[in-house]
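In: give me a model of this one.
(2 chains)
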Amino acid sequence: SQQGEEDPQALSIQEGENATMNCSYKTSINNLQWYRQNSGRGLVHLILIRSNEREKHSGRLRVTLDTSKKSSSLLITASRAADTASYFCATDAGNDYKLSFGAGTTVTVRA
Amino acid sequence: GAGVSQSPSNKVTEKGKDVELRCDPISGHTALYWYRQRLGQGLEFLIYFQGNSAPDKSGLPSDRFSAERTGESVSTLTIQRTQQEDSAVYLCATGNRGMDTQYFGPGTRLTVL
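Out: Now for the predicted structure:
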């Protein structure tokens, strides 16, 4: 069963705007990761945040983690057409290898 | 190689036929995962290999599915007597124990007619 649930399912924004998507999960985690998938193919790792971290930045990406609410958010600032993709959160529930993925948020950036 | 590779990239087969999907890991990666992704959905874990340890097959949906890996080399996922509901993208990922990030291949898109 899926541990993470992304919200919204789909998001359409204008180039230059920010995109925010959320992930909620059910059980305690060691870390939470965000991945991007273009055109339904392989996933690319974006960023990992550990359970003892609250916020992390990587370029135009900002991830927050609230373990009390069992939720995370991914913010993409100053979006570009190339950011059009599906974004997935994945949680590591502590068995040191098995990631549980949500159903993803599909982001469309309009030029 | 530079990344995880999978073959074939696309496979169309008839219901009832067997298919074999291949994954070539990043050299040196001891962990290998297979996932299934149905259209518009997230990834379902299928099976995990770690070095020479017994694989975790807990995600395989039926006994028609099996996977093999010899040591830290190539892995094959076999689906016997394919059904239409097996149509999906099958993704392989590799990594190392203690390394949280998984590196994904481009996937094999399987269509069962």
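In: can you give me the strands for the chain?
Out: No chain specified, so I'll use chain A. When assigned using DSSP state E, the strands of chain A occupy the ranges A:5-7, A:10-14, A:19-24, A:31-37, A:43-50, A:55-58, A:61-66, A:71-76, A:85-92, A:99-101, A:105-110.
In: nope, chain B
Out: Under DSSP E, chain B gives strands at B:5-7, B:10-13, B:19-24, B:31-37, B:43-50, B:65-69, B:75-79, B:88-95, B:103-104, B:108-112.
In: spell out which residues of chain B are next to chain A.
Out: B:4, B:31, B:33, B:35, B:37, B:39-43, B:45, B:48, B:50, B:56, B:89, B:91, B:93, B:97-98, B:100-107, B:109 (Cβ under 8 Å from any Cβ of the partner chain). Any C-beta I mention is one placed from the backbone N, CA and C, and that applies to glycine too.
In: please repeat the previous calculation with a cut-off of 7 Å.
Out: B:31, B:41-43, B:45, B:48, B:50, B:89, B:91, B:100-102, B:104-107 (Cβ under 7 Å from any Cβ of the partner chain).
In: check those for burial and list the buried ones.
Out: Neighbour counting with 16 or more other Cβ atoms under 10 Å in any protein chain shown marks B:31, B:42-43, B:45, B:48, B:50, B:89, B:91, B:100, B:102, B:104-107 as buried within the residues of chain B next to chain A.
In: what is the lowest-pLDDT residue among the residues you listed?
Out: On pLDDT alone, B:D100 ranks lowest of those, at 75.
In: need the contact list for A:S12.
Out: A:108, A:110 (Cβ atoms under 7 Å, 6 or more residues apart in numbering or on different chains).
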